[in-house]
Structures are given as structure tokens and as C-alpha cells.
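**Q** take a look and give me a structure for this.
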Amino acid sequence: MQENNEKNQNISDVSARHVPGQGENGHPIHKVLSFVRRSGRLDARLQRAWDNYAADYLLDINAGEGSLDVREGFVLDAEYARKTWGNANPLVVEIGTGQGENVVAAAEANPGTNFLALEVYDPGVAHTLLLAGKKGLRNLRVAQVNAPELFKVMADGVAAEVWTFFPDPWPKKKHHKRRIVQPELAGQVRRALADGGVWRIATDIEDYALHVHEVMDGLDGWKNDGGLTVSLPIEHVGKGNADMAADMPHADFTESERFAGRVLTNFEKKGLAAGRVIHDFTYRKI
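**A** Sure thing, here's the model as predicted:
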């Protein structure tokens, strides 16, 4: 998802997106989303990819045209997975696939595993379709939905692993509530995971690494499976004052070695070239 921020500079600074409907006492419902919806026009190459491969890879589970919500009554359970992928192989769900480099490489390298790529932006979806179609993959599907909405309707234990690599950092402090890693989603991910399943997370933003620890390390039902000790500032910094972090009090945290199943994408290469440290996390359902 973070990859798309570089390609779409017209991002809004609004703190919440209005979603039609009524909540308690008749007040409008507002959702705090981890993304801002953009028009994202497709060039001719990506439009051809969409036209050629959407029928093979893109799941028809949305509430309606243009909606990122899941249609009413849909459940992603073992029966749906068997019908969709044609087998009962383990299912890996990637939240925010960006251009699809990682999930397509993983699907190609692991034909005995099923993969579901979740992405909200049209160009990212189209590029994932293009890569998958070129390789003729049969174990990959794509859903253009808001990930938390899908996890709400995933059956207990249906996923073997969930991946969230380099999510949008939302660097401004007032926007930290938009970060995808939140206690509510963690609860839904845990429920959707099979016993012993893992949520793998990676970020190249130090402040986001602190955020992940604050959300995940104290949650019941999760074990931090990392084996590395990493020093991080214990206070948050926002956009424009990240350099202050070096002088803040630090503490040791537990993280993981780099996940061998994550390919080195162009986005990660840029982060490393810029001198950023990659933080990997492995949280296991217990």
C-alpha cells in the first residue's frame, strides 16, 4: 500500500471518510480508513491487463460497482476457498499488495499454497493481474476490498498466514489512527487464522515499528515469535520532526529476522538505499 502513496500525490488530509448510513441515535456512520480513495486512471497496458485477466483472478465479492465493502451475506470460509482455488491447500492473505511483486513471486514459488491479494487501488490491482496472468498462476486470487471489512466475514481458522508488508505509514500524528495495524483488526486477523498461524508485518518506518509493538505486544492470544533485539525510541514523532527520535529515550524490543518468503521489491530497495532500517515482525496465534 505504501508504494501507491509515492505514485499518487493528490492524497487528502481529511481524517475520516464519510460512509453513507446511520449509526446509533441516527448519526451518520464514519469509518476511519487506512487509505484515501483515488481515481487512479489506468494506462492502456494496465487496462488491457484488467480486461484480459480480471475474469480469471479478480473475486466478485464487492457490495457494488465502485464499492470497497464486501457484499452482504458473503463469507470467506473453507467451502468458498475450495470452490475458488479448487483445493484445500493452506491460504495466505496479503493485506496491501501494492504492485503485486511479492505476492506473485510467492505464489509462483509455492504452488501448494493458495494466495489472496487484497489491494484497493486500481493500478495496483491491474499490475497484480498482469504479473499473475503472464505467469499463468492458478493459486492466486485478488480482491479489491477494504481489508478490515473482509476479515469481518472470514470464517474462523480459514487462513494459515496473513502478511502486511510496508503499509501506508501515515506519518502525521493526527493520522496514526489510520494505520492498518490496530487492535480491532488484530482481533479479526487472529480469529481468521488457524491455530498456530502467523501475522507477518514489515515496515521501514521506525515510528511505525513502535506503533506495531504498542498494538501487538500486549494483546492476549498473540506471541511475538521474534529473536532479534532492536532499540527504538519510546515516544512517537510525526511528519517533519522524525530527526528528533534519535535524541529520545530508547528501549529494547523483540523483532524478527527478515522473512525469507518476502522478495526484495523495488520499493524495499529504495528504502534500503535511503538508509532506512527494515523492521520485521512475526506474531503467532496462541
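**Q** unless I'm mixing things up, Met259 is touching Phe281, no?
**A** Heads up, residue 259 is Phe, not Met. No: using CB atoms under 8 Å, Phe259 is not in contact with Phe281; the gap is 9.2 Å. Every C-beta, even on glycine, is put in place using the N, C-alpha and C of the backbone.
**Q** what about those two, which has more around it?
**A** Between Phe259 and Phe281, Phe281 has the larger neighbour count (other CB atoms under 10 Å), namely 25 against 17.
**Q** which residues pair with that one across the strands?
**A** Going by DSSP bridges, Phe281 is paired in beta bridges with Ile201.
**Q** ok, it touching Leu228?
**A** No: contact criterion CB under 8 Å: Phe281 and Leu228 do not qualify, at 10.2 Å.
**Q** shared neighbours, the two?
**A** 255-256 (CB atoms under 8 Å, 6 or more residues apart in numbering).
**Q** ranges for the helices of this protein?
**A** In the chain, the helices defined using DSSP state H lie at 2-7, 44-57, 78-85, 101-109, 122-135, 147-152, 183-192, 206-216, 266-273.
**Q** center of the chain - which residue?
**A** Ile95 (2.4 Å; CA atoms, centre = their mean).
**Q** correct me, but that residue touches Ile180?
**A** Yes: Ile95 is within contact range of Ile180, at 6.5 Å (criterion: CB under 8 Å).
**Q** list the contacts of Ala202.
**A** Per CB under 8 Å, 6+ apart, neighbours of Ala202: 164-166, 259, 262, 278-281.
**Q** roughly how far apart are it and Arg48?
**A** 32 Å (CB to CB, to the nearest Å).
**Q** the residue nearest to Ala88 when sequence neighbours are not counted: neighbouring residues, count only.
**A** Once flanking residues are discounted, Ala88 sits nearest to Arg82: 5.6 Å by CB to CB, 6 or more residues apart in numbering. For Arg82, the count of nearby residues is 13 (other CB under 10 Å).
**Q** for the stretch 1-150 of the chain, which spans come out with low pLDDT?
**A** 1-40 (pLDDT under 70).
**Q** could you redo the last one with a cut-off of 50?
**A** Applying pLDDT under 50 to the stretch 1-150 of the chain flags the ranges 1-30, 34-37.
**Q** next up, the contacts around Val70.
**A** Here Val70 is in contact with 61-63, 145, 149-150, 152-153 (CB under 8 Å, 6+ apart).
**Q** swap in 10 Å and give it another go.
**A** 59, 61-63, 76, 143, 145-146, 149-154 (CB atoms under 10 Å, 6 or more residues apart in numbering).
**Q** now the residues you listed: which count as buried?
**A** Burial by neighbour count, judged by 16 or more other CB atoms under 10 Å, picks out 59, 61-62, 76, 143, 145-146, 149-151, 153-154 from these.
**Q** just the ones in strands from those residues, please.
**A** Mapping the buried ones among the contacts of Val70 onto strands (DSSP state E) picks out Ala143.
**Q** so how far is Pro111 from Asp56?
**A** Taking CB to CB, one finds Asp56 at 16 Å from Pro111.
**Q** for Thr265, give me phi and psi.
**A** phi -80, psi 170 (degrees, to the nearest 10).
**Q** for it, which non-adjacent residue is spatially closest?
**A** For Thr265, the spatially nearest residue (CB to CB, 6+ apart) is Glu101, at 4.4 Å.
**Q** isn't the one you found right up against Ala132?
**A** No: between Glu101 and Ala132 there is no contact, the gap being 11.1 Å when judged by CB atoms under 10 Å.
**Q** fine by me, we can end here.
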